[in-house]
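Trainee: Next one to model:
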Amino acid sequence: MKKYLFYSIPFLVVMLVTGLICRFSIHQTNLDDYNVAFIWEQEKDESDDAKEESSFNLVDNVIEVWQEDLNPEMTPYVFTATCLSEPVVDACVVDQLVRVEKVISGDDVTEGEEFYLSSYNVGLMGDAETEHELNRAVTSLNMGFTNFMKVGKEYLVFVQYFSYSHELKKQFAITGEALATTYFALEDDKCEPVSKAQVVDDETGHYVKYSDVKDYEYFVGSEEIKKKLYDEKHKIIEKYLRDAF
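Mentor: A predicted model of the protein is given here:
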């Protein structure tokens with residue numbers, strides 16, 4: 001059973017609905033000064049209650065998401081794709097144009113097809129009630145501890161469903177999970193643990209400026225956490241690509 005609180009059907013419904021609204025209302029391009037969460041290292045003197053929210057519970061939950069939700073029922077469309085555009089970041093969603101290279105599963109996907117990959121678990125966060133206030137109050141990015149796709153790199157992608165926007169006249173492929181992203185770079189990118197000097201001085205101590213980690217594939221607090229993530233990522237890629245090529 002999943003131990004985290006982020007993932008629920010009502011949560012995803014709200015994210016999808018608000019994402020469609022926010023797609024047209026708030027747009028940000030310069031993200032360097034925004035805070036992003038990283039999977040942090042547990043301090044040895046934390047209380048028992050705090051340990052339940054420790055980094056290793058969190059990294060295990062991320063891995064559990066991948067293990068349980070990357071299946072034909074939850075993500076019926078699986079393919080490799082090359083990223084063609086920089087991210088467009090709105091209040092509740094991030095879009096990036098991709099081109100399908102190799103279809104692994106999903107009858108409605110064709111090689112060479114281009115569409116926007118949309119992540120509703122990623123977006124801008126802030127405490128505000130109106131659009132004007134939100135533009136001023138937003139200080140953080142929810143990124144699922146994973147960086148945006150990089151232009152020109154190829155990824156293994158898992159998609160829940162497709163949605164066509166008649167207003168935008170664009171096709172969107174919707175990823176799902178609220179805790180972790182469901183795309184994986186076929187070639188590992190740089191990834192260095194966040195240093196103590198980089199941690200944003202806030203009440204949690206679990207955030208870092210995006211500018212400090214924007215060149216890294218994952219946002220992690222230690223080499224051990226990094227190893228856990230990459231070990232699982234490599235298993236996923238090997239499993240799905242073993243018979244595809």
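
Trainee: where along the protein do the strands fall?
Mentor: 27-28, 35-37, 77-83, 88-90, 94-105, 114-119, 123-125, 140-142, 154-159, 161-165, 170-175, 183-185, 207-209 (DSSP state E).

Trainee: The second one pairs with which strands, parallel or anti?
Mentor: Strand 35-37 has the following strand partners under DSSP bridges: strand 140-142 (parallel), strand 207-209 (antiparallel).

Trainee: try the third one
Mentor: When sheet partners are counted by DSSP bridges, strand 77-83 sits next to strand 94-105 (antiparallel), strand 154-159 (antiparallel).

Trainee: For those, give me CSV that also has distance to Glu111.
Mentor: Glycine gets a C-beta too; all of them are placed from N, C-alpha and C. Output for the strands paired with strand 77-83, formatted as CSV (distance: least, Cβ to Cβ, whole Å):
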stretch, distance to Glu111
strand 94-105, 5
strand 154-159, 13
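
Trainee: So for Met143, which of these sits nearest?
Mentor: Using Cβ to Cβ as the measure, strand 94-105 is the one of these that comes nearest Met143, at 8.2 Å.

Trainee: among the strands paired with strand 77-83, which is the most enclosed?
Mentor: Comparing the strands paired with strand 77-83 by mean neighbour count (mean count of other Cβ atoms under 10 Å), strand 154-159 comes out on top with a mean of 24.

Trainee: What would that one look like as CSV? C-alpha coordinates only.
Mentor: Taking Å, rounded to 0.1, in the frame of the first residue of the first chain, the C-alpha atoms of strand 154-159 are listed here in CSV:
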residue,chain,number,x,y,z
GLU,A,154,15.4,10.9,-25.9
TYR,A,155,13.1,9.6,-23.1
LEU,A,156,11.1,6.6,-22.2
VAL,A,157,7.6,8.0,-21.6
PHE,A,158,4.5,6.7,-19.9
VAL,A,159,1.2,8.3,-20.6
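
Trainee: What angle do strand 170-175 and that strand make with each other?
Mentor: In terms of direction (axes from the mean of the first three to the mean of the last three Cα atoms, to 10 degrees), strand 154-159 departs from strand 170-175 by 80 degrees.

Trainee: How far does strand 154-159 sit from its chain's centre?
Mentor: Centroid displacement of strand 154-159 relative to its chain, using Cα atoms, centre = their mean, to the nearest Å, is 12 Å.

Trainee: Tell me, please, the helix or strand in the protein that averages the lowest pLDDT.
Mentor: helix 9-22 (a mean of 40; mean pLDDT, DSSP states H and E).

Trainee: So, low pLDDT: which residues of this protein?
Mentor: Along the chain, the model assigns pLDDT under 70 to residues 1-29, 41-56, 91-92, 120-138, 168, 176-178, 243-245.

Trainee: Spatially central residue in it, please.
Mentor: Nearest to the mean C-alpha position of the chain, by Cα atoms, centre = their mean, lies Thr181 at 3.3 Å.

Trainee: So that one is in contact with Met149, correct?
Mentor: No. Thr181 lies out of contact with Met149 (Cβ atoms under 8 Å); the separation is 9.2 Å.

Trainee: Tell me what the closest residue in space to Ser163 that isn't next to it in sequence is bridged to.
Mentor: Leaving aside its sequence neighbours, Ser163 sits nearest to Phe172 (Cβ to Cβ, 6 or more residues apart in numbering; 5.0 Å). Counting by DSSP bridges, Phe172 is bridged to Tyr116, Ser163.

Trainee: Counting neighbours, what do you get for Phe172?
Mentor: Neighbour count for Phe172, taken as other Cβ atoms under 10 Å: 22.

Trainee: quick one: contacts for Lys218?
Mentor: One correction, residue 218 is Tyr, not Lys. Listed by Cβ atoms under 8 Å, 6 or more residues apart in numbering, the contact partners of Tyr218 are 39, 145-147, 191, 226, 229-230.

Trainee: ranking the residues you listed by neighbours, who comes first?
Mentor: Counting neighbours by other Cβ under 10 Å, Ile39 leads the contacts of Tyr218 with 24 neighbours.
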